[in-house]
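S.K.: heads up, no residue letters with this:
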């Protein structure tokens, strides 16, 4: 049963993602209409630079007045692919107030203001969908929110930033250092001129906040996410990882505590076993591992960025929101009923790989081992390497809290025989 | 906003999956209520053997009269985990007629009668969901139907049967033959006493029909799916695969033709490169690779069977159907508007690995090569191995139609110098 009056879509932003959304809306109009049950029409495109030629987009639809576009009142769905906090936040809010539902790809905004935006959407009886905000084309928010709605998710462990995975994969496969691998990523267009958001983990932290909130049915703010970048990972760290049968990935990790009463969310580089499915995720691909009570271990893999993959996720949401609109219904909104405590990083329990530069003399290992024992951190393995009066100790611990490990490292630094802490890396995925 | 009148659920079947669904509905009642917006209540459980003790299920709910249960009229959702064609089909139809929506895990029924059941559901304005019918806990139907609703899927390539993957993985990792690996699978409970449905590919073919229909928005009947089991895969085939940098998997492959006007669906063992993400899927796990225009390559991985994983998928659907019911809406039904031709196996184009036993004398390769050329099948590589007057030729072809390859093999068998065709295996995932 095809309705003939089209659903009207306003597109905010016409860059890499927006132009691809517009292109697919045009070239696949018949398919979209058949799947939705009514045609969809691009009713306006808000851009910053009106002069730019946009292939396939009717110039009459282009405007620089995004606010007027979302206020028109006849818009069914606003697609926001501008990014950043403002003006995106104000435009989305205005869109709800003027009767539109919203599809967004804006991870920074959702991580920071998701709760408020969901509240506004609900108040106006509208949808807010944002599959494209996390891991590009990979269906992840919908599976977590809907497919696993009858299950209890305990852990989300993912590679959610393609730039850093490209760099780390390059370091792993070629033995290159961080700077060399970054330079190649920049030359190939995988890293931006200012790579800070990626390499310092800000991008992954925003995604971790969104994923944790959805997975655990609770609110997790961006400030709740512990964040450590990957700029200090060295070629030597990769060699150490190999010796343990591991590689190094920048991971977003969201976990429920053993008693179920609290959760943690963090982003940092970590060693993971080569046998773990995430270890073989190459190049700029993303993958997210989900562990739940009943389903067990699931993994979702695919391109985490790029115009077309992100547009695929946006259009999937657009179809869903349009269907809801024709049904006079809305999809699942925010689910934060569990209202769990978000614990600080000190409460996180995991394993650690610590490299120490030490004096090459008898008794050093005993001293170091005593410090670990005093802080309640149990040692799994120790490897000593020495030459020319210098030596290194590589300690791998059993599971311990981050607070206990931090205390251990502080005490180790005070030992006369410890010349330096060369690296500390968490070991995950075991 | 919590509604207090509960949604009533009738459970048909209380075996491995059904008992787990009932258990989670009880133990996670509060979570389910919060996520749905109303409590759900187990209103009846239809079983064949009423005497069996069922932990945690109120005996007063148990009945052997499944028909009376679905006819009660106060049931909101019927969960069908009986399996098989009848009485499941009649019960589901009766459920729709009496006002219930249906969640099913029944791949055989959906593959055979999905179109008719969808039509009945739509006629009565009810939902028919069946995420659990394909690849157990792995969210696959929802991502294909909803997340990729704005994209164009070109290919679905999957390991959708855990039993056969366990057997093939065992053969690959230990060098065991088929029977030895099957015996181990049976002893460990991965294979049933009669493994026919798994090892002959019937189970995978049903899943391929369902996946192809959803992926391509067209109807694909079970009879449309080409099916070849994996009982003739040998240890020698695995050695040949290794020499090509490949392993062997039983794959379900659904493809759109180059011109987009037709599709094919097939199940057979195939070599795939060790670098392909599906190659590293171990044991009884399932994984499905999806290729689409905009999203690119996606993969979904997880446990493909078992009580808890299947229950996770059933409960995800139950939550969705309950939400729809509270919204007075239904989710996306069958989407078969594309109405594409399903082409026969002869039209499938892929690469082939063929082992021939030949006479060890000059000119044999020239004869063989001529036969390939006459049938328009281009050879990529040939490897000759000879000793004691016997020799083998291993030919790997470029892409050719299955019809051309079949003609080639028939002609090869007629050559005096060809003593036998030792194996023919398709090469996929390149």
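M.R.: Received it, and whenever you're ready, just let me know what you need. Predicted, not measured: the structure shown is a model, and the values here were computed from it.
S.K.: run the chain-centre distance for stretch A:159-169.
M.R.: Taking CA atoms, centre = their mean, to the nearest Å, one finds the center of stretch A:159-169 at 11 Å from the center of the full chain.
S.K.: repeat for stretch A:86-97
M.R.: With CA atoms, centre = their mean as the basis, stretch A:86-97 stands 23 Å off its chain's centre.
S.K.: quick one: mean pLDDT over it.
M.R.: The average pLDDT within stretch A:86-97 is 98.
S.K.: in that stretch, which residues are buried?
M.R.: Neighbour counts over stretch A:86-97 (16 or more other CB atoms under 10 Å in any protein chain shown) mark A:88-89, A:91-96 as buried. Bear in mind the C-beta positions are built from the backbone N, C-alpha and C, glycine included.
S.K.: same list, these, but as CSV with distance to chain B and secondary structure please.
M.R.: What follows is the buried residues of stretch A:86-97, written out as CSV (distance: CB to the nearest CB, whole Å; DSSP: H, G, I helix; E, B strand; the rest coil):
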residue, distance to chain B, secondary structure
A:88, 21, helix
A:89, 25, helix
A:91, 22, helix
A:92, 20, helix
A:93, 22, helix
A:94, 25, helix
A:95, 19, helix
A:96, 19, helix
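S.K.: if I look at residue A:276, how far off is residue B:151?
M.R.: 29 Å (CB to CB, to the nearest Å).
S.K.: if you could redo that for residue A:30, that was the one I meant.
M.R.: Remark: distance between residue A:30 and residue B:151 (CB to CB) = 14 Å.
S.K.: mind listing what the residue of the stretch 1-150 of chain A found nearest chain B touches?
M.R.: Going by CB to the nearest CB, chain B is nearest to residue A:150 of the stretch 1-150 of chain A, at 2.3 Å. Residue A:150 sits next to A:294, B:24, B:28, B:32, B:35, B:311-312, B:314-319 when contact means CB atoms under 8 Å, 6 or more residues apart in numbering or on different chains.
S.K.: highest neighbour count among those residues?
M.R.: residue B:312 (34 neighbours; other CB atoms under 10 Å in any protein chain shown).
S.K.: list the contacts of it.
M.R.: Applying CB under 8 Å, 6+ apart to residue B:312 gives the contacts A:148, A:150-151, A:292-295, B:137.
S.K.: pLDDT added to these, as TSV?
M.R.: Formatted as TSV, these follow (pLDDT from 0 to 100):
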residue	pLDDT
A:148	96
A:150	96
A:151	97
A:292	97
A:293	96
A:294	97
A:295	97
B:137	92
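S.K.: ok, residue A:276 and residue B:151, which is more surrounded?
M.R.: Remark: of residue A:276 and residue B:151, residue B:151 carries more neighbours, 27 against 18, as counted by other CB under 10 Å.
S.K.: so which residues of chain A form helices?
M.R.: For chain A, applying DSSP state H gives helices covering A:16-27, A:29-36, A:66-70, A:88-97, A:107-123, A:141-142, A:162-174, A:178-187, A:196-199, A:202-216, A:235-243, A:307-327, A:364-374, A:402-414.
S.K.: next, the buried residues of the helix or strand of chain A with the lowest mean pLDDT.
M.R.: In chain A, the helix or strand scored least confidently by mean pLDDT, DSSP states H and E is strand A:379-387, which has a mean of 87. For strand A:379-387, a neighbour-count test (16+ other CB under 10 Å) marks A:379, A:382 as buried.
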